[in-house]
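Colleague: My questions concern the predicted model and sequence given below.
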Amino acid sequence: MDMQETMTVMLSTGHGAEPEAVEVPVRVGSVKLGNLLGEGAGGAVFAGYDEALNRKVAVKVLHRRRGATHAAAMVELARGIRSAARIKHPNIVTIHAVERANELPVIVMEFVDGISLRELLLRSGPLELSLAMYVTRSVVSAVAALHEIGVIHRDLKPANVLFDRAGEARVCDFGLACEFDPAAYKSQAEEIGGSPLYMAPEMFDGHVSPQSDVYALGVILFEVLIGSPPFSAQSISELKTCHQRREPPLWQLERLPVSEELAEIVGRALHKQRFLRYKTAEHLLRALEEVDVPERRDETLRLRIAELVSARQEPGGDREADTGEPPPARTTFDLIARRAREKRQRKPDCP
């Protein structure tokens, strides 16, 4: 391969591994990488500019899988992303290309100028019922389109839902997407992956199906209504126990003007047994469409989301409160970073 300019970023090179320095090329094809927008256990996202097509893009550089399953994982990854790239849906980020650079998988996709649902919730707190249902229906509609062509997202969470300045939602980040057999509605992934706070019970044991996505959508629906996900913990093992053994605190919905019908939908989506959840996101969407809410006009609700996205923020307004205690684990990367900090703190000073 020709010598090319690179930059060094910190990436996790395996599930549960601590971040390490990785050389990333500053150019992928006709795309020049710019500022780092964010990073997590799955990789890093950069702003980019496609000089051939004169447009802004987002570029995700995924971590390198290691071990005996490396080749199989790469094949699974490519299949899942390319299948997702076939979709043209208003609530799915458009994937422009899937490349490889320095043996790292790279996804070039549409750049969304706005904020994520995670940032929106940090900014506004729980959403009122009409807005919560509008946001959830948009996300579920996108996932239903994925399921229809045989793709499981596997990493649905508020950070992977983006809103542009017009208030339109986009599901993004297909770095863990995999195909499934529509006849069996099941897939055995080559490796465990996902964000623990939103992972279905069976995913911790490597079993993946469309119902796994339905579970994550149930967590998201709970979170937009309540303001926090149903479970929180300080470690992945604690979260695994919560998802697999503890009942979700549906009683919290009783404090809201939420109908019994909607509470039952949330409960079914979050059922421990995947066969008792909605079969696909399409089935969940049908149930949500039947729920009566105060405001049903999508255009009105979209404009209200746009106002939240564009609202001027005070310095530090998007930060969670500092209680002096470590925050609950929200992603694998949170836990990795925390373990690294604790290790550094335990290390004695050099003489």
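Modeller: Alright, I've got the coordinates.
Colleague: low pLDDT regions in the stretch 201-350 of the chain?
Modeller: Under the criterion of pLDDT under 70, the regions of the stretch 201-350 of the chain flagged as low confidence span 312-350.
Colleague: CA atoms only for the strand or helix carrying Gln211, dumped as PDB, please.
Modeller: Assigned by DSSP states H and E, Gln211 belongs to helix 210-226. What follows is the C-alpha trace of helix 210-226 in PDB, where atoms were taken according to Å, rounded to 0.1, in the frame of the first residue of the first chain:
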ATOM      1  CA  PRO A 210     -35.100  -8.800  15.500                       C
ATOM      2  CA  GLN A 211     -36.600  -9.100  19.000                       C
ATOM      3  CA  SER A 212     -33.300  -7.900  20.400                       C
ATOM      4  CA  ASP A 213     -33.800  -4.700  18.500                       C
ATOM      5  CA  VAL A 214     -37.300  -4.500  19.800                       C
ATOM      6  CA  TYR A 215     -36.000  -4.700  23.300                       C
ATOM      7  CA  ALA A 216     -33.600  -1.800  22.700                       C
ATOM      8  CA  LEU A 217     -36.500   0.200  21.300                       C
ATOM      9  CA  GLY A 218     -38.500  -0.600  24.400                       C
ATOM     10  CA  VAL A 219     -35.600   0.800  26.500                       C
ATOM     11  CA  ILE A 220     -35.500   3.900  24.400                       C
ATOM     12  CA  LEU A 221     -39.300   4.400  24.700                       C
ATOM     13  CA  PHE A 222     -39.000   4.100  28.500                       C
ATOM     14  CA  GLU A 223     -36.200   6.600  28.500                       C
ATOM     15  CA  VAL A 224     -37.900   9.300  26.500                       C
ATOM     16  CA  LEU A 225     -40.900   9.000  28.700                       C
ATOM     17  CA  ILE A 226     -39.100   8.800  32.100                       C
END
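Colleague: can you give me the offset of the following helix or strand past that helix from its chain's centre?
Modeller: Toward the C-terminal end, the helix or strand that comes next after helix 210-226 (DSSP H and E) is helix 236-245. On the basis of CA atoms, centre = their mean, to the nearest Å, helix 236-245 is displaced by 19 Å from the centre of the chain it belongs to.
Colleague: Give me the angle between helix 236-245 and helix 210-226.
Modeller: With axes from the mean of the first three to the mean of the last three CA atoms, to 10 degrees defining the directions, helix 236-245 sits at 100 degrees from helix 210-226.
Colleague: So which other helices or strands are in contact with the helix or strand just after helix 236-245?
Modeller: Once helix 236-245 ends, the next helix or strand along the chain (criterion: DSSP H and E) is helix 260-269. Where contact means 3 or more CB pairs under 8 Å, 6 or more residues apart in numbering; DSSP states H and E, helix 260-269 is packed against helix 210-226, helix 281-289. Using the backbone N, CA and C atoms, a C-beta is placed for each residue, glycine as well.
Colleague: Many thanks, we can stop here.
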